[in-house]
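**Student:** Sequence first, then the predicted structure, then my questions.
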Amino acid sequence: MRSPTRGQILRLKNDTVGKARPVLVVSPVQLNGGQTISAVPFYSQQVERRKGLKTCVFFAEGEFGLDKDCVDKTDEVSIFKISELRILEGAVGEVDAERMEEVSQALCYALGIEPGLPPRP
């Protein structure tokens, strides 16, 4: 598999509780050629409560290859080593541009970034 791309859903080999949790790649492809990626984890617990939070984006079962209702929890954006991913299995799915925009807005909120502002020099 080539370098992971922004919008791909990949699985971790095992997260901190031993689950092969799916994560959404949020770093741009030009930054994913090394040994790490930035990604946001999906959670299927407390979905009803979490889907109303500004830091979470809801995904229904069956969307983009996901096997249950879940939320992408942008306040937990993390750096993952490529070796921590089930990269040889390929992507679970790939999020479309519309949903990726929702995730980007939630990420901006979680990180305290005003969308649309140019970066400071």
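**Tutor:** Received, thanks.
**Student:** Quick check: end-to-end length of stretch 3-18?
**Tutor:** Taking C-alpha to C-alpha, to the nearest Å, the first and last residues of stretch 3-18 lie 25 Å apart.
**Student:** go on, stretch 4-14?
**Tutor:** Using C-alpha to C-alpha, the end-to-end distance of stretch 4-14 comes out at 18 Å.
**Student:** Centre of the chain to it, how far?
**Tutor:** Remark: stretch 4-14 is offset 7 Å from the chain centroid, using C-alpha atoms, centre = their mean, to the nearest Å.
**Student:** just use 52 as the starting number from now, easier for me
**Tutor:** OK, 52 is where the count begins now, so the last one is stretch 55-65.
**Student:** Residues in contact with it: which ones?
**Tutor:** By C-beta atoms under 8 Å, 6 or more residues apart in numbering, the residues outside stretch 55-65 that reach it are 70-80, 83, 88, 90, 92-93, 115-117, 131, 133, 135-138, 140, 142-148, 151. Every residue, glycine included, has its C-beta placed from N, CA and C.
**Student:** Might you specify the subset of those residues located within helices?
**Tutor:** 148, 151 (DSSP state H).
**Student:** Quick test: name the residue nearest the centre of this structure.
**Tutor:** Closest to where the C-alpha atoms of the chain average out (C-alpha atoms, centre = their mean) is Leu75, at 2.2 Å.
**Student:** Just give the closest residue to that residue, not the sequence neighbours.
**Tutor:** Val91 (4.9 Å; C-beta to C-beta, 6 or more residues apart in numbering).
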